[in-house]
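**Q** Sharing a model that was predicted from the sequence below.
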Amino acid sequence: MRASSAGATATATGSHDAARRLEWCRRASIAVLLACLLYLLDLADAVAFITTGRLFVSGVVNQLIWLVVLVPAVAVCLLKLPLTVRVLRRAWPTLLVLAWLMATTLWSDHPDLTIRRGVALLIVFLVALGISVGLRTPRSAVLVFAGAFGIVMLVDLVSLVQPSYSHTTLGIRGIHQHKNTAGFVVTLAAVTFVVAFFLVRSNVLKLALAAVALWALVFLKVTESKTSAGTLLIALLFFPFYWLWIRDRAIRLPQLLVAGFGVCVLLFAAVATSVTWEDVGLFIFSDLTFTGRTDIWDVTLAKLASSPWFGFGFGAVWETGSRYNDMGGSRHEFWNDPDIINQSHGGYIDLMLHGGVVALVLVLFVSFRALANARKLARVAAVPPMQRFAICMYHCQLVIILLSNFLESSAFFPSSPHAAYLVFILVQLDRWRGEFDAWSTATAASRHQVAAIEGGAKAW
């Protein structure tokens, strides 16, 4: 009797310790995710300006911040090692991209920069891995994203009282480095607020989310970022159709017919009124050079022609410390001035400059695979509706990033914080898809195994 009682006590103690470790992992992941998001969304730059008068965080401080958040992330990975291994196995495409970008060191124009920036991206991946294995559900991740975006939007509002910092001749940027960066943050924030609105139960929180979403739209207007405004419009129009598409198969054919009919009407109207593609481009963009981007694209593509398959090394093209960008032509051309141009303003061109056509193909494969994962999770009836709706945030944010990457370099761009943001999304989608696949496999294999993972299923 005593032996059995002691065994039961030991089992209860072990279960209690395991529960405490899981709770610590959850809280650590939430704290690290919130800290990383606030940093990636430029809050650190605002703090740097207030404390030092400098607009940007120094390189040393940047490295220190990532090393600080790396410690709890690695601790979470070790505490949940089996899940970490499963996520790593599913995240092999992202690891393949990282491996290829690191491999460009072998032919990089600046191998030291490629190594440093490649290691930095690897640290971002490890932090994203620790965050993903510590979170319990997609809904919890969405609420953390919404909290981070809410804080940044409020700080943007406060920054308007300091015009010398938040205002530029091109538009209002708030606490961000550029008006287009501010617009990009707002587009991601608006989608997150919409999803979070339907995930919270408190009326007070719903009202707060509605208010901050309204302010985000106003802020987007004053930034005068046309690229971001167009991207957000596409995302907001895409979201309801996407949700209906994955939720009800019966309406898919009518949706396709309506979309096809709408396209035919627009084409007929264009032909009847003699509207040309140039007229359409001017109406949408107001400038067919995309504010000088086509000039930059011409010289970068000419440079790329000398090494199209492998590029010139990850992080070895822009911001190399040189007084001039090596983009051809006279040194007095604006695209050769690193104080004015530090990217090609075409993310897919920059991918090829850094890693060639191989890098472009790998990143597109990873991105479309992530979209397929999100679509799969959002469609499966076995996943609770609230978690399926949370997954929609990742899908819409991926669409925004991929669209923005046509005119602003963000996807796996070494000096862009949005590259880290994309890695966070990719790793989390791999985690949720792996969790669902494990649950489905166990369900199909044996009903006895379902009871063993019942807690995980209920958490979803």
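**A** That came in fine, so what should we check first? Numbering: from 1, shown residues only.

**Q** residue ranges with poor pLDDT in the stretch 251-400 of the chain?
**A** Along the stretch 251-400 of the chain, segments meeting pLDDT under 70 span 251-290, 329-330, 381.

**Q** So which residues of it form helices?
**A** Ranges of helices within the stretch 251-400 of the chain are 252-272, 277-285, 293-304, 347-379, 385-404, based on DSSP state H, counting those that start in this stretch.

**Q** Check the burial of residue 201 by counting its neighbours.
**A** Neighbour count for residue 201, taken as other Cβ atoms under 10 Å: 6. In this view, the C-beta of every residue, glycine as well, is placed from N, C-alpha and C.

**Q** Which helix or strand contains it?
**A** For residue 201, there is no helix or strand it lies in under DSSP states H and E.

**Q** gap between it and residue 146?
**A** Between residue 201 and residue 146 the distance is 14 Å, computed by Cβ to Cβ, to the nearest Å.

**Q** same question, residue 388
**A** Going from residue 388 to residue 146 by Cβ to Cβ gives 17 Å.

**Q** Which residue of these two possesses the greater neighbour count?
**A** Per other Cβ under 10 Å, whichever of residue 388 and residue 146 has more neighbours is residue 146, with 25 against 22.

**Q** tell me the secondary structure for the closest residue to that one other than its chain neighbours?
**A** In space, residue 146 comes closest to residue 196 once its chain neighbours are excluded; the distance is 3.7 Å by Cβ to Cβ, 6 or more residues apart in numbering. Three-state assignment for residue 196 (DSSP: H, G, I helix; E, B strand; the rest coil): helix.

**Q** for whichever helix or strand residue 35 is part of, what is the average pLDDT?
**A** Counting by DSSP H and E, the element that carries residue 35 is helix 2-40. For helix 2-40, the mean pLDDT works out to 68.

**Q** The residue nearest to residue 146 - how many residues pack around it?
**A** Residue 196 has 27 neighbours, counted by other Cβ under 10 Å.

**Q** now swap in residue 292 and tell me
**A** Residue 292 has 14 neighbouring residues, counting by other Cβ under 10 Å.

**Q** where do the helices sit along the stretch 51-200 of the chain?
**A** With helices called from DSSP H, counting those that start in this stretch, the stretch 51-200 of the chain shows them at 59-79, 81-90, 92-103, 111-134, 138-159, 163-166, 179-199.

**Q** Only alpha carbons, please: show the fourth one as CSV.
**A** Below are the C-alpha coordinates for helix 111-134, written out as CSV (Å, rounded to 0.1, in the frame of the first residue of the first chain):
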residue,chain,number,x,y,z
PRO,A,111,32.3,37.1,-47.6
ASP,A,112,32.7,38.7,-44.1
LEU,A,113,29.4,40.5,-44.6
THR,A,114,27.7,37.3,-45.9
ILE,A,115,28.8,35.3,-42.9
ARG,A,116,27.7,38.0,-40.3
ARG,A,117,24.3,38.6,-42.0
GLY,A,118,23.8,34.9,-42.5
VAL,A,119,24.5,34.1,-38.9
ALA,A,120,22.1,36.9,-37.9
LEU,A,121,19.3,35.3,-40.0
LEU,A,122,20.1,31.9,-38.4
ILE,A,123,19.7,33.4,-35.0
VAL,A,124,16.3,34.8,-36.1
PHE,A,125,15.3,31.3,-37.2
LEU,A,126,16.3,29.9,-33.8
VAL,A,127,14.3,32.5,-31.9
ALA,A,128,11.3,31.9,-34.2
LEU,A,129,11.7,28.2,-33.5
GLY,A,130,11.7,28.7,-29.7
ILE,A,131,8.6,30.9,-29.9
SER,A,132,6.7,28.5,-32.1
VAL,A,133,7.2,25.4,-29.9
GLY,A,134,6.3,27.3,-26.8
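
**Q** Which other helices and strands does that helix contact?
**A** When contacts are defined as 3 or more Cβ pairs under 8 Å, 6 or more residues apart in numbering; DSSP states H and E, helix 111-134 sits against helix 2-40, helix 59-79, helix 81-90, helix 92-103, helix 417-445.

**Q** just these: most buried one?
**A** Ranked by mean neighbour count, those are led by helix 417-445 with a mean of 21 (mean count of other Cβ atoms under 10 Å).

**Q** what is the rounded mean pLDDT of that one?
**A** Average pLDDT, helix 417-445: 79.

**Q** Report the buried residues of stretch 100-113.
**A** For stretch 100-113, burial by neighbour count (16 or more other Cβ atoms under 10 Å) applies to 100, 101, 102, 103, 104, 105, 108, 110, 113.

**Q** Now for the fifth one: which residues touch it?
**A** The contact partners of residue 104, by Cβ atoms under 8 Å, 6 or more residues apart in numbering, come to 114, 310, 311, 312, 313, 314, 316, 354, 355, 359.

**Q** if we go to 10 Å?
**A** Applying Cβ atoms under 10 Å, 6 or more residues apart in numbering, we find residue 104 in contact with 111, 114, 118, 310-316, 354-356, 358-359.

**Q** so, if you compare these, which one comes nearest to residue 153?
**A** Using Cβ to Cβ, residue 315 comes nearest to residue 153 of those, at 30.6 Å.

**Q** phi, psi of the closest one?
**A** Dihedral angles of residue 315 (phi, psi; degrees, to the nearest 10) stand at phi 70, psi 10.

**Q** now residue 80
**A** Here is the backbone geometry of residue 80 (degrees, to the nearest 10): phi -120, psi 50.

**Q** ok, for it, nearest residue in space, not its chain neighbours?
**A** residue 133 (4.8 Å).

**Q** Next one, pLDDT for the one you found please.
**A** The model's pLDDT for residue 133 equals 87.

**Q** residues contacting the residue nearest to residue 312 when sequence neighbours are not counted?
**A** Distances taken as Cβ to Cβ, 6+ apart put residue 109 closest to residue 312, at 5.0 Å, once the chain neighbours are dropped. By Cβ under 10 Å, 6+ apart, residue 109 lies in contact with 307, 311, 312, 313, 316, 317, 320, 326.

**Q** May I have the residues that are in contact with the second one?
**A** Just to be clear, that refers to residue 311. So residue 311 contacts 100-101, 104, 107-109, 304, 317, 350-360 (Cβ under 10 Å, 6+ apart).

**Q** so how far is residue 391 from residue 402?
**A** In terms of Cβ to Cβ, residue 402 sits 17 Å off from residue 391.
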